[in-house]
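Colleague: Here is the input, now give the coordinates:
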Amino acid sequence: MSEEKKILIIGAGIAGLAAGCFAQMNGYQSEIFELHDLPGGLCTAWERKGYWFDGCIHYLFGSGPDQPFNQVWQELGALVNRPIINHDTFMEVIGADGRSLTLYADPDKLQDHLTDLSPRDADLIEDLCDGVRLFMNFDMSALQQKPKELMTMLDWRAMGQQMLPYTLPLAKWGPLSAAEFGSQFSDPFLRRAVPQMFAWPEIPMMAGLSLLAYMHTHNAGFPAGGSLEFARAIEQRYLALGGTIHYKAQVEKILVADDTAVGVRLYDDREFLGDFVVSCADGQSTIFEMLDGNYVDRPLERTYDGRMPILSQLQISLGVDRDMSNEPHWAMYLLDEPLEITGQSY
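Modeller: Okay, the predicted model is just below:
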């Protein structure tokens, strides 16, 4: 560029760091403003009394070479010289009676295991595992080649041709939740366990099947070092590209002139001006606090009006002084008696 344009980025999470990296790669000058003293945002980890708690990554799409999304992580420096741990199983669901469902990534192993648990559900189990086999060749990155606003007719045509073989499977598995699928099993244990096998009963089955397929093809592994080191690697890539990060620098307002974002003001009243502002903070804070709700249309208002309730989550991390190397890396225990919270049974 003959004259460098400056981009101000709010938030040093993975989105903000990635935005900064690609800004620098494309000839822009950029600065990132982060309220915390660490990069990564929700992609983080912490140490307590000799124990290390990882708070984010369970698996990473694009972890394998020559796999969808891998090029992006390589360009961001996230996976350079980083070993990947590929698990054979996603999780284990254990019933109160001791029976357990091991969610193998290999569809053949999974089919044999589930059929042993419930031979009378063999047809349903085969249907499930055939779904995993099918999605092993499904390229999710095809859905994210370009922003829709920039796609041409040729782009839409190419995407349509790529998606055509998956039209019926997407129509079948896309709207179907794990809870709905689990309710079809005749075996009482599987009827309870299957809705929990992806840790979220309302997850679309398509997402779960794609996850198992990607795990089996080594495209959804765990990056050695965990979440914080993963974020640190992208931070170092951004700094090496010439970017600047301001830590402990919480943005209070996005400065606007003639309905155009021109800068940011921090809580300590410092102001920074730029040609563009990219907010990688959450939408609620960005739209209704940093921009004072001045740019809200009806569809956007309905997104945030509370009509779609989202359940809060609480994570409790325990440091246990014992050898757990023979335990499943992720296990869920079904309660023998339902636990009721705010009128909902679990």
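Colleague: residues near Ile10, how many?
Modeller: Using other Cβ atoms under 10 Å, Ile10 is surrounded by 24 other residues. The C-beta positions use only the backbone N, C-alpha and C, and glycine is treated the same way.
Colleague: Look up how far Val278 lies from it.
Modeller: Going from Ile10 to Val278 by Cβ to Cβ, to the nearest Å gives 7 Å.
Colleague: what's the neighbour count on Thr244?
Modeller: Neighbour tally, Thr244, other Cβ under 10 Å: 13.
Colleague: for the closest residue to it other than its chain neighbours, helix, strand, or coil?
Modeller: What sits nearest to Thr244 in space, not counting adjacent residues and going by Cβ to Cβ, 6 or more residues apart in numbering, is Glu31, at 4.6 Å. Classification of Glu31 using DSSP: H, G, I helix; E, B strand; the rest coil returns strand.
Colleague: Glu31 pairs with what?
Modeller: Per DSSP bridges, the residues bridged to Glu31 are Leu8, Thr244.
Colleague: Would you confirm that it contacts Leu8?
Modeller: Yes: under the criterion of Cβ atoms under 8 Å, Glu31 makes contact with Leu8 at 5.7 Å.
Colleague: Need the residues touching each of the two.
Modeller: Common neighbours of Glu31 and Leu8, using Cβ atoms under 8 Å, 6 or more residues apart in numbering, are 272, 274.
Colleague: And the helices in the protein?
Modeller: Per DSSP state H, the chain carries helices over the ranges 14-25, 70-75, 107-117, 122-135, 153-163, 167-173, 178-182, 188-193, 205-216, 226-240, 283-284, 298-303.
Colleague: contacts for the last one?
Modeller: So the one you mean is helix 298-303. Outside helix 298-303, the residues within contact range by Cβ under 8 Å, 6+ apart are 283, 287.
Colleague: please redo it, this time with the cut-off set to 7 Å
Modeller: Applying Cβ atoms under 7 Å, 6 or more residues apart in numbering, the external contacts of helix 298-303 come out as Ile287.
Colleague: pull the CA atoms of that helix into PDB?
Modeller: Presented in PDB, the C-alpha positions along helix 298-303 are these (Å, rounded to 0.1, in the frame of the first residue of the first chain):
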ATOM      1  CA  ARG A 298     -35.000  -4.800  14.400                       C
ATOM      2  CA  PRO A 299     -33.300  -8.100  13.500                       C
ATOM      3  CA  LEU A 300     -30.300  -7.300  15.600                       C
ATOM      4  CA  GLU A 301     -32.500  -6.100  18.500                       C
ATOM      5  CA  ARG A 302     -34.400  -9.400  18.400                       C
ATOM      6  CA  THR A 303     -31.100 -11.300  18.600                       C
END
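Colleague: that older thread, could you check which of Glu31 and Leu8 has the larger neighbour count?
Modeller: Set Glu31 next to Leu8 and count neighbours by other Cβ under 10 Å: Leu8 wins out with 25 against 18.
Colleague: wouldn't that one be in contact with Asp275 here?
Modeller: No: under the criterion of Cβ atoms under 7 Å, Leu8 is not in contact with Asp275, lying 8.6 Å apart.
Colleague: ok so, going back, can you list residues touching both of Ile10 and Val278?
Modeller: Counting by Cβ under 7 Å, 6+ apart, nothing touches both Ile10 and Val278.
Colleague: shaky segments in the stretch 151-300 of the chain?
Modeller: Along the stretch 151-300 of the chain, the model assigns pLDDT under 70 to no residue.
Colleague: again, only this time at 80
Modeller: Scanning the stretch 151-300 of the chain for pLDDT under 80 picks out the ranges 162-166.
Colleague: One more: the stretch 1-150 of the chain?
Modeller: Scanning the stretch 1-150 of the chain for pLDDT under 80 picks out 1-3, 67-68, 138-148.
Colleague: mind giving me the domain ranges of this structure?
Modeller: Using automatic domain parsing, the domains assigned to the chain come out as 6-81+224-303, 88-217+322-345.
Colleague: Buried deepest among those, which one?
Modeller: domain 6-81+224-303 (a mean of 17; mean count of other Cβ atoms under 10 Å).
Colleague: so who does Val93 touch?
Modeller: 100-101, 193, 196-197, 332, 334.
Colleague: Distance to Gln315 added to those, as TSV?
Modeller: Shown next, in TSV, are these (distance: Cβ to Cβ, whole Å):
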residue	distance to Gln315
Ser100	23
Leu101	23
Ala193	22
Gln196	17
Met197	20
Met332	14
Leu334	19
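Colleague: So which of those residues is the closest to Pro169?
Modeller: Of all those, the one with the least separation from Pro169 (Cβ to Cβ) is Met197, at 18.9 Å.
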